[in-house]
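Peer 1: predicted model and sequence below, questions to follow.
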Amino acid sequence: MNERYNNKRILVQNHTKVIFDLKSLEAESAIKLRKFVDKLFGIMKALESLDHSPNEWGPMMIHIIFTKLDTATLRA
């Protein structure tokens with residue numbers, strides 16, 4: 001059990017997968033955008049606690065986030 005839950009590589013992979021699997025925003029909504037941002041920041045904090053820096057992912061992180069946003073939000 002300890003190996004499963006303390007394996008940093010697997011934990012990092014799982015958190016990274018959650019970022020890619022975040023539900024896309026289909027329409028402009030401040031509430032849904034806030035929930036999206038809160039979830040994304042929570043995942044990023046979890047990755048930081050595992051000694052990874054998603055803030056340094058640069059263009060890749062920006063691309064992932066932009067592909068999840070609705071067109072109205074992207075235009076703003």
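Peer 2: Sure thing, it's come through. Numbers count the residues shown, from 1 in each chain.

Peer 1: just the strands in the chain please.
Peer 2: Defined through DSSP state E, the strands belonging to the chain form an empty list.

Peer 1: how near is Asp70 to Met44?
Peer 2: When distance is defined by CB to CB, to the nearest Å, Asp70 is 21 Å away from Met44. From N, CA and C alone the C-beta is placed, and that goes for glycine too.

Peer 1: so which elements touch the helix of greatest length in the chain?
Peer 2: When every helix of the chain is counted residue by residue (DSSP state H), the longest turns out to be helix 30-49. Packed against helix 30-49 by the contact rule (3 or more CB pairs under 8 Å, 6 or more residues apart in numbering; DSSP states H and E) you find helix 8-20.

Peer 1: now the helix it packs on and helix 30-49, what's the angle there?
Peer 2: 160 degrees (axes from the mean of the first three to the mean of the last three CA atoms, to 10 degrees).

Peer 1: model confidence over helix 8-20, on average?
Peer 2: When pLDDT is averaged over helix 8-20, the result is 94.

Peer 1: could you list the alpha-carbon positions for it in PDB?
Peer 2: Coordinates of each C-alpha in helix 8-20 appear next as PDB, following Å, rounded to 0.1, in the frame of the first residue of the first chain:
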ATOM      1  CA  LYS A   8       6.100  10.100  -6.800                       C
ATOM      2  CA  ARG A   9       6.300   9.200 -10.400                       C
ATOM      3  CA  ILE A  10       2.800   7.600 -10.400                       C
ATOM      4  CA  LEU A  11       1.400  10.500  -8.400                       C
ATOM      5  CA  VAL A  12       2.900  13.100 -10.900                       C
ATOM      6  CA  GLN A  13       1.600  11.100 -13.800                       C
ATOM      7  CA  ASN A  14      -1.900  11.000 -12.300                       C
ATOM      8  CA  HIS A  15      -2.000  14.700 -11.500                       C
ATOM      9  CA  THR A  16      -0.700  15.500 -15.000                       C
ATOM     10  CA  LYS A  17      -3.400  13.300 -16.500                       C
ATOM     11  CA  VAL A  18      -6.100  15.200 -14.500                       C
ATOM     12  CA  ILE A  19      -4.900  18.500 -16.200                       C
ATOM     13  CA  PHE A  20      -5.300  17.000 -19.600                       C
END
